[in-house]
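Q: Need the 3D shape of this:
(chains A and B)
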Amino acid sequence: MTKKQTEFKRELPSVYIDDILMSLKYFTDEEELHLAIIDPAVCQACENQPCIDFCPVGAYRAQDGRTVQIAVQSCVECGTCRVLCPYQNISWKNPRGGFGVAYKFG
Amino acid sequence: MSEKIQFDVIVVGGGMAGSTAAAIAAREGLNVAVIERGQKPGGKNYFGGALYTHSLVDIYPDFFDRKPPLERPVTETGFWFLSEDGMVKATVQGGHVNSDPIDAYVALRAEFDLWWAEQAAAEGAFYIPKTLVTDFIYQDGKVIGVQTDRPEGDVYAPVVIICEGVNNLLTQKLGLIDHDLKISKTALAVKQLISLPAKDINARLGLPDSKHGMAISVVGDVSMGMPGLGFLYTTSNALSLGVGVTLDALEETQIKPYELLQRYLEHPAIAPLVKDGQLMEYGAHLIPEGGWTTLPKLYTDGAMVAGDAASMVNAIHWEGTNMAITAGKQAALTAIEAHHKQDFSAKALSAYQDRLGELFVLKDLKQYRKMSAFLKNHPDFMDIYPTFLNDALGMFFTGFGKPKGKLYKDILRSLTKRRPLLKVVGDMIAFGRAVTGI
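A: Model prediction:
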């Protein structure tokens, strides 16, 4: 828990993001992944692994505590990971035309 | 080898800026291609949010007769200041807000952007959806077209208007800006659209009927001391609630964005509003808040850039779509002029920047150029003052039996225990300077 959070009496609730993602519609590209970790060893050595927290759809998860994996199909293409990865270790492209998130309402 | 696909104008992206540019150029008789990476225009777009009708009417004077897919008009708007367990409301209705037509309407982008694109298509613009622009085609250093991810997908035009949105990778590729998004000047916003019967929305928010709606900026506890804002909008049958915070704050606090949003939804003053609502859609989008300080070069040989891709957002006033529409129009007018002169050089297209400089777009962005630095340097601003407002009003109206001299001292102390008076004065001056740009 960081300092900022403990100053607030009302704590953050814990949220199971997968339930929320049920509300989203995607056209999943089965052939090509638009996100990739460039060097997995860099993620292994990354102390905080902030991607696991900052990704708004929780697409970044750590297996065995250290190995970062991306659930690419749940990406909403916001771009946060490309900008916030402390080691620029994420290869970020837009999905191919027609694929990826398709907001129903926006 | 197939024939070269040639247009007069290529627009990259079918959002507000793109479909506006396409409509204006097509209306003038130019052959316009709009290349959209989504299944259809609007599918990648996500905002709060409200559209400003003056900017829409400027493009289609008969806008309202076309039966646009708008949600509720904004008949009440303002601030809600949240403390940890309370709220002060400062909203306005009637008066300036009750204009004819109402200036702000809540909208949902998937539906609205598609309709906005259909209007441009009716003007003659040709839409190429499900197609990603991957790079430019150059001749003698000038942009003469774009490469796409379709087989034999090269498309040519002497002028390309880039309306690719906040992740402006093409704008970067073209060298119009020399860096990716800056974390202190970019916000991540997350939102839930929560379905509720219209009668419940009206009753809970005190709206007389479904022809009345709200747009609220929520300040204070919602961003947990981070530079950021919450919002609440009313659609016909749903509440749209979200929160945006800057990326550097998110990095520092390691807060999960969807947990921050959930905490907002569980606030004692907010929870009753969304009780028993059904989640219709969750989403996340970046907002380029750097404005003037992250403005790319707006033109080069054979290309211009508009909208989010050009950092055209005034976060404090929830403006962005209106700037995108205005910029899209001005880019199209410049493209039309370039066709008349058959001159697509950077020098000819620099008229685009001159036009925007005469309008609110660049004037406002310049005036607010210090805002993101102000928020970064005053991280407690969004926390201290909303909480103080709650304390001050709360104490003022519960001061029974207390000598009023003591009451005012207590009120003052609720401020000074959080921030020394001299710093308060400094905050106000700095905030004033950030707003006025002086």
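Q: surely B:G242 meets B:A187?
A: No. B:G242 is not in contact with B:A187 according to C-beta atoms under 8 Å; the separation is 10.9 Å. For every residue, glycine as well, the C-beta is placed using N, CA and C.
Q: so does stretch B:131-143 get close to chain A?
A: Yes. Interface with chain A: stretch B:131-143 contributes B:131-132 (C-beta under 8 Å from any C-beta of the partner chain).
Q: what do you get for stretch B:9-19?
A: No. Figure legend: stretch B:9-19 not in contact with chain A (C-beta under 8 Å from any C-beta); closest approach 10.4 Å.
Q: Span of that stretch from start to end?
A: Start to finish, the residues bounding stretch B:9-19 are 12 Å apart (C-alpha to C-alpha, to the nearest Å).
Q: For stretch B:316-327, measure first residue to last.
A: 19 Å.
Q: now do stretch B:169-179
A: In stretch B:169-179, first residue to last residue: 10 Å (C-alpha to C-alpha).
Q: starting at the chain centroid, how far to that stretch?
A: Mean C-alpha position of stretch B:169-179 versus that of the full chain (C-alpha atoms, centre = their mean, to the nearest Å) differs by 21 Å.
Q: Could you do stretch B:286-302 as well?
A: Here stretch B:286-302 is found 14 Å from its chain centre; the criterion is C-alpha atoms, centre = their mean.
Q: quick one: the helices in chain A?
A: Here chain A has its helices, by DSSP state H, at A:3-6, A:17-21, A:40-45, A:51-54, A:80-84.
Q: Among the ones you listed, show me which one is buried the most.
A: Most buried of the helices of chain A, by mean neighbour count (mean count of other C-beta atoms under 10 Å in any protein chain shown): helix A:80-84, with a mean of 22.
Q: Is that helix in proximity to chain B?
A: Yes. Using C-beta under 8 Å from any C-beta, helix A:80-84 comes into contact with chain B via A:80, A:82-84.
Q: Give the residue spans of chain A that score low on pLDDT.
A: Residue ranges of chain A with pLDDT under 70: A:1-7.
Q: dump the residue contacts of residue 66.
A: With no chain named, the answer covers chain A. Going by C-beta atoms under 8 Å, 6 or more residues apart in numbering or on different chains, A:R66 touches A:43-44.
Q: Switch to chain B, please.
A: Counting by C-beta under 8 Å, 6+ apart, B:R66 touches B:60, B:119.
Q: The residue lying closest to B:H317 once chain neighbours are set aside: neighbour count?
A: Nearest-residue entry for B:H317: B:D364, 7.9 Å, with adjacent residues in sequence omitted and distances by C-beta to C-beta, 6 or more residues apart in numbering or on different chains. For B:D364, the neighbour count with other C-beta atoms under 10 Å in any protein chain shown is 19.
Q: May I have the phi/psi pair for B:D364?
A: phi -70, psi -40 (degrees, to the nearest 10).
Q: and the gap between it and chain A?
A: Computed as C-beta to the nearest C-beta, to the nearest Å, the B:D364 to chain A distance reads 24 Å.
Q: Quick check: that residue touching B:N322?
A: No. With contact defined as C-beta under 8 Å, B:D364 does not count as touching B:N322 (10.1 Å).
Q: model confidence over stretch B:173-184, on average?
A: On average, the pLDDT along stretch B:173-184 is 97.
Q: So which residues on the stretch 51-200 of chain B come close to chain A?
A: When proximity is defined by C-beta under 8 Å from any C-beta, the stretch 51-200 of chain B lies next to chain A at B:84-85, B:108-113, B:129-132, B:148-150, B:166-167, B:169, B:180-181, B:183, B:186, B:188, B:190, B:192-193.
Q: give me the low-pLDDT residue ranges for chain B?
A: Scanning chain B with the threshold set as pLDDT under 70 gives B:1-2.
Q: Show me it divided up by domain.
A: With domains defined by automatic domain parsing, chain B comprises B:5-69+B:108-179+B:291-367, B:183-288, B:372-436.
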